[in-house]
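K.L.:
A predicted structure for the sequence below; I have some questions about it.
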Amino acid sequence: MTKPAFQAVIFDLDGLVLDSESGYFAAWQQAAAQMGYRLSQAFCQSLSGSHGRRINQRLAERFGRDFELEQFHELSNQIWRERVGQTGIPVKKGFYQTLQCIETLQMPYCLATNSRRGDAEQCLAWAGLAGVFAKLICREDVENPKPAADIFLKAAETIGISPQCCLVLEDSPIGVAAAVSAGCTCLFVPSVLPADPDASGMAHRVLPDLCAVADFISAAMVDPL
């Protein structure tokens with residue numbers, strides 16, 4: 001059997017493994033409304049995959065310097081935690097299928113996210129995925145967050161596979177840009193439709209969900225990229 005172009009898989013978290021972003025957006029909108037502001041769904045979606053500093057920058061640009069960022073984050077975090085504490089966080093369709101495929105092929109894999117470690121671990125626990133990822137690369141593990149390449153370069157180093165031999169699964173344009181910058185092969189599984197055309201153009205392929213990703217990985221073992 002000829003080896004495919006990738007030998008390991010790197011997962012993003014929010015919007016890719018977990019259907020968490022819709023919950024974040026709803027909490028942001030509710031918190032903003034309580035403060036007398038309005039956040040559109042389109043604006044929230046434009047922040048998909050962004051790190052905290054970038055989110056704060058965009059909020060300040062939209063609402064001005066008088067916007068109380070600390071109050072907004074406290075409110076939205078409280079709203080979101082109350083909701084997911086009761087209902088959990090849904091796992092994206094096809095994740096278990098993709099994971100089973102990777103494990104059957106005995107490929108190393110890890111998770112690489114712009115989230116802080118404590119937040120990532122808590123979200124995985126709420127989704128029933130605690131312990132699924134033995135290796136997590138998080139915001140505090142690197143100097144620069146996505147869209148910089150740092151997180152994926154660190155992930156490749158952590159699992160002992162060169163970036164050029166890593167397959168990254170991403171749902172956001174910011175994540176795709178980071179993966180491509182790191183030299184990885186990237187599948188774009190957009191969480192926001194229509195799919196961003198720039199990210200679609202950068203990615204190796206655009207797939208509708210993780211079920212299709214599992215099929216892609218299985219096929220690549222037979223017909224290398």
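P.N.:
Here it is on my side, so go on. Everything quoted here is computed from the prediction, not taken from an experiment.

K.L.:
packing partners of the helix or strand harbouring V213?
P.N.:
Under the criterion of DSSP states H and E, V213 resides in helix 210-222. Helices and strands touching helix 210-222, by 3 or more CB pairs under 8 Å, 6 or more residues apart in numbering; DSSP states H and E, are helix 95-104, strand 166-170. C-beta coordinates here come from the backbone N, C-alpha and C atoms, glycine included.

K.L.:
among the ones you listed, which is nearest Y37?
P.N.:
With CB to CB as the criterion, Y37 lies closest to strand 166-170 of those, at 30.0 Å.

K.L.:
with just CA atoms, put the following helix or strand past the closest one into CSV.
P.N.:
Next along the chain after strand 166-170, taking DSSP H and E as the criterion, comes helix 173-181. Extracted as CSV, the C-alpha positions of helix 173-181 are listed here (Å, rounded to 0.1, in the frame of the first residue of the first chain):
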residue,chain,number,x,y,z
PRO,A,173,-11.0,30.9,7.3
ILE,A,174,-8.6,31.9,10.1
GLY,A,175,-7.8,28.2,10.8
VAL,A,176,-7.4,27.4,7.1
ALA,A,177,-4.9,30.3,6.7
ALA,A,178,-2.9,29.0,9.7
ALA,A,179,-2.8,25.5,8.5
VAL,A,180,-1.7,26.5,5.0
SER,A,181,0.9,28.9,6.4
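
K.L.:
mind listing what's buried in helix 173-181?
P.N.:
Neighbour-count burial for helix 173-181 flags P173, I174, G175, V176, A177, A178, A179, V180, S181 (criterion: 16 or more other CB atoms under 10 Å).
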